[in-house]
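Participant: build me a model:
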Amino acid sequence: MKTTNRTSLNPTRLLVVGGSAAGPKAAARARRLDEHAEITILQKSPDLSMASCGYPYYVGKTFDDRNMLLCTPTGVVRDPAFYLAAKGIVARTNTEVVQIDREDRYVLARDVVSGEEQRLPYDKLVLATGAKARRPPIANLQLRGITTLQSMQDADYLRQIADKGHVKRAVIVGGGLIGIETCEALRLAGIEVTIVERLPQLLPFLDWQLARLVENHVRQRGVTVFTDCAVASCRGEDGVVKSVELADGTEIECQLVVLAIGVAPNVELAQRAGLKLGANGGIAVDDYMMTSDPNIFAAGDCVECRHLLTGQTVHAPYGDLANLQGRVAGENAILGPRAKFHGTFQTGICKIFDYSAGSTGLSADRARASGHREVVTVVNASPDKPAFMGSGLLVTKLVADGETGTILGAQCVGTGDVSKQIAIWATALKGRLTVQDMVDADLPYAPPFSLAIDHSIASAHIMQNKLDGRMRGVGAPELQRRLEAGERPFLLDLRGPDEYEQMRLGVGERLIPLGALRQRLDELPAKGDEIICFCKISLRGYEAARILSGLGWTNVSVLEGGIVSWPYPREK
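Facilitator: Got it, this is the predicted structure:
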């Protein structure tokens, strides 16, 4: 393929607007492909290559050295001197691009300190202007003590608050990724935290049941949570926030409010230049990260890209995607359109105290909305490795196409290795694998790392049993709705008496240990009546269901995920 890079006598002039993630990656990729190109990064803020996903952990004192947010893996700060010496790239901080002239191919750059303006010509331009924090329609957001966690300056401000210890109570508006991570950071600093989320759940990328398990864990760590509720206004004295008022009139005293309702693509510059925007408000790009102008590429949180399962465009502001997109943009700006970024499954993960929560692909509802006629789900709860190796709990919800067996998505929460599970399922999605492909996947095994049958493979086994008609499952939300409606199916708890005394649902279940089931069949209802079997994780529940089905009971189901996946209050 013909390349577009020039010789040392006529070098390509590449300007990169934005110096956080996608921009520096594009510039670095371009330099590795063309030693002669004139590459300049223009960054409005005073910092470069900020690890913005690390802000909450700096605030929460996981580490104390601010420079670690700006360092290479070997500990060198990525400042303008580093970029010039190590990469031959001119990086200009405190420099805002205010205009793009597409016809004459130059940008108008303004020094934010001196106000001086300068025209900078380009042959190719990469826009990596990132995203900006959304601000909800709440009264009095100008009060001091109200902030976001979007920039290094925000992180510095919150870290000072954590260090000084003057703030005793904080309210976080929004229970998504940023809100959850900020919650942990402030709580670890000894601050009383309240989360207010207008949706019915935290972490909207999860289905309600798994999100509720996370919420229960958050509450156990002393956090107050309001869901299905909005903040109406902030109140202050002498210009400083003192409380927030909820839509229902509840007033919460606080000295700090963090706005964490998500981000929007920062596209004002692109919009003024007449570049095409997409349906979600981001810059429209093709697989080459090329905009509607063939001389301008864009990457990172300012763009929208294709969802690989639905074909629709989405705004996916993830740090890893920004780097991948920046790499493609930098290569194509130098060599012409050759490298591709194919799209996203919107894979994400977060940590909240001892829990992790992640997802990839489609939820059941979104799969149905995307045209899949038969969508099947299973919930699997099990340890991530043997108990003698210090296991942690995993609860996975797997989504598949009931007609083809193709895996459509997965969600996982728990104290175990959630990241590994989501990585496995994201790779399965990338490979367009089916449930059948996964039931004998050759994954690494040793007791320090997994069970002999990894949690992911066990999830595939459960889905295979369901697709083959060997198991009928009942989800916790479905059972709870039926109980609230007055239905009373026969609930069969297959655990031992000691386990029952330590923890139980308390919804009218009958305890018959699995080992005694065949001797106590006379205690069961008629063979046509409904029986729902379960145990701690419903492994024994499935064993009992197979026994009863083999003995002629025709209406036997398994409570998927067992007691540990039950998101509602329990008797014990």
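
Participant: please count neighbours and contacts with C-alpha atoms only from this point.
Facilitator: OK.

Participant: looks to me like Gln436 is in a strand.
Facilitator: No. Judged by DSSP: H, G, I helix; E, B strand; the rest coil, Gln436 forms no part of a strand; its state is helix.

Participant: look up how far Thr406 lies from it.
Facilitator: According to CA to CA, to the nearest Å, Gln436 and Thr406 sit 9 Å apart.

Participant: neighbour count for these two, which is higher?
Facilitator: Counted by other CA atoms under 10 Å, Gln436 and Thr406 do not tie: Thr406 has more neighbours, with 19 against 16.

Participant: if you skip the residues just before and after it, what's nearest to that one?
Facilitator: Spatial nearest neighbour of Thr406, chain neighbours left out: Thr434 (4.1 Å); criterion: CA to CA, 6 or more residues apart in numbering.

Participant: for the one you found, what are its contacts?
Facilitator: Thr404, Gly405, Thr406, Ile407, Ala428 (CA atoms under 8 Å, 6 or more residues apart in numbering).

Participant: from those, which ones fall inside strands?
Facilitator: Using DSSP state E, the members of those that fall in strands are Ile407.

Participant: most neighbours, which of the contacts of Thr434?
Facilitator: Ile407 (28 neighbours).

Participant: tell me if I'm right that it and Lys397 touch.
Facilitator: No. Ile407 lies out of contact with Lys397 (CA atoms under 8 Å); the separation is 11.5 Å.

Participant: any idea which helix is longest in the chain?
Facilitator: When the chain is parsed with DSSP state H, its longest helix is helix 319-335.

Participant: now the helix or strand that comes right after that one against helix 319-335, angle please.
Facilitator: Where DSSP states H and E defines the elements, the next helix or strand beyond helix 319-335 is strand 348-352. Strand 348-352 and helix 319-335 meet at an angle of 140 degrees, taking axes from the mean of the first three to the mean of the last three CA atoms, to 10 degrees as the criterion.

Participant: please renumber the chain so that the first residue is 25 from this point on.
Facilitator: New numbering, starting at 25: the last item is strand 372-376.

Participant: work out the gap between the longest helix of the chain and the centre of the chain.
Facilitator: 21 Å (CA atoms, centre = their mean, to the nearest Å).

Participant: which residues make contact with that helix from outside it?
Facilitator: 26-29, 36, 38, 45-54, 57-58, 77, 148-150, 152, 312-314, 319, 321-325, 362-365, 368.

Participant: also stretch 421-430?
Facilitator: Contacts of stretch 421-430 (CA under 8 Å, 6+ apart): 386-388, 396, 398-404, 431-436, 456-460, 483, 487, 491.

Participant: which strand residues bridge Arg259?
Facilitator: Under DSSP bridges, the beta-bridge partners of Arg259 are Ser267.

Participant: tell me the SS of Ser44?
Facilitator: Criterion first, three-state DSSP; result for Ser44: coil.

Participant: help me confirm that it comes into contact with Met74.
Facilitator: Yes. Ser44 is within contact range of Met74, at 5.4 Å (criterion: CA under 8 Å).

Participant: so for the two, which sits in the more crowded spot?
Facilitator: Ser44 (24 against 19).

Participant: and the residue nearest to the more buried one when sequence neighbours are not counted, what does it touch?
Facilitator: Distances taken as CA to CA, 6+ apart put Ser73 closest to Ser44, at 4.3 Å, once the chain neighbours are dropped. Ser73 makes contacts with Gly43, Ser44, Ala45, Pro48, Leu94, Arg102, as judged by CA under 8 Å, 6+ apart.

Participant: between the residues you listed, which is nearest Arg330?
Facilitator: Of all those, Arg330 sits closest to Ala45, with 19.8 Å by CA to CA.

Participant: contacting residues for that closest one?
Facilitator: Ala45 neighbours (CA under 8 Å, 6+ apart): Ser73, Met74, Ala75, Gly324, Gly343, Ala346, Asn347, Gly350.

Participant: next one: phi and psi at it?
Facilitator: phi -120, psi -60 (degrees, to the nearest 10).

Participant: now do the contacts for the residue nearest to Trp232 when sequence neighbours are not counted.
Facilitator: Closest residue in space to Trp232, ignoring its immediate chain neighbours: Gln225 at 6.4 Å, by CA to CA, 6+ apart. By CA under 8 Å, 6+ apart, the residues touching Gln225 are Gly199, Trp232, Ala235, Arg236, Glu239, Thr251, Asp252.

Participant: tell me, what residue is most central in the chain?
Facilitator: Gly372 (3.1 Å; CA atoms, centre = their mean).

Participant: Ser383 is in contact with that one, correct?
Facilitator: Yes. Counting by CA under 8 Å, Gly372 touches Ser383, with 5.6 Å between them.

Participant: that older thread, quick one: secondary structure of the residue nearest to Trp232?
Facilitator: Assignment for Gln225 (three-state DSSP): coil.

Participant: ok, back up a step: may I see the buried residues of the longest helix of the chain?
Facilitator: 343, 345-359 (16 or more other CA atoms under 10 Å).

Participant: what of stretch 119-133?
Facilitator: Thr119, Glu120, Val121, Gln123, Ile124, Arg126, Arg129, Tyr130, Val131, Ala133.

Participant: so what touches it?
Facilitator: Under CA under 8 Å, 6+ apart, the answer for stretch 119-133 is 41, 66-69, 134-136, 141-147, 293-294, 296-297.

Participant: and the end-to-end length of stretch 489-498?
Facilitator: 14 Å.

Participant: I'd like the mean pLDDT over that stretch, please.
Facilitator: For stretch 489-498, the mean pLDDT works out to 97.

Participant: which of the residues in it are buried?
Facilitator: For stretch 489-498, burial by neighbour count (16+ other CA under 10 Å) applies to Lys490, Leu491, Met495, Arg496, Gly497, Val498.

Participant: dump the residue contacts of Lys49.
Facilitator: Contacts for Lys49 (CA under 8 Å, 6+ apart) come out as Asn347, Gly350, Arg351, Gly354.

Participant: re earlier: now the two most distant members of the buried residues of stretch 119-133.
Facilitator: Longest distance between any two of the buried residues of stretch 119-133 is 19.4 Å, between Thr119 and Arg126; criterion CA to CA.

Participant: now for Gly426, how many residues are close by?
Facilitator: 18.

Participant: should've said Gly416
Facilitator: When counting by other CA under 10 Å, one arrives at 18 neighbours for Gly416.

Participant: for it, give me its contacts.
Facilitator: Contacts for Gly416 (CA under 8 Å, 6+ apart) come out as Pro407, Asp408, Lys409, Gly438, Thr439, Gly440, Asp441.

Participant: just the ones of the buried residues of stretch 119-133 in strands?
Facilitator: Thr119, Glu120, Val121, Gln123, Ile124, Tyr130, Val131, Ala133.

Participant: which one of the residues you listed is nearest to Lys560?
Facilitator: Lys560 has its nearest neighbour among those in Glu120, at 57.4 Å by CA to CA.

Participant: separation between that closest one and Glu141?
Facilitator: Glu120 sits 9 Å away from Glu141, going by CA to CA.

Participant: again, but for Leu237
Facilitator: Using CA to CA, Leu237 is found at 53 Å from Glu141.

Participant: more crowded one of these two?
Facilitator: Between Leu237 and Glu141, counted using other CA under 10 Å, Leu237 has the larger neighbour count: 21 against 15.

Participant: skipping its backbone neighbours, what lies nearest that one in space?
Facilitator: Leu237 sits nearest to Pro591 (CA to CA, 6+ apart), 5.5 Å away.

Participant: list the contacts for the one you found?
Facilitator: Pro591 touches Gln233, Leu234, Arg236, Leu237, Asn240, Ala500, counting by CA under 8 Å, 6+ apart.
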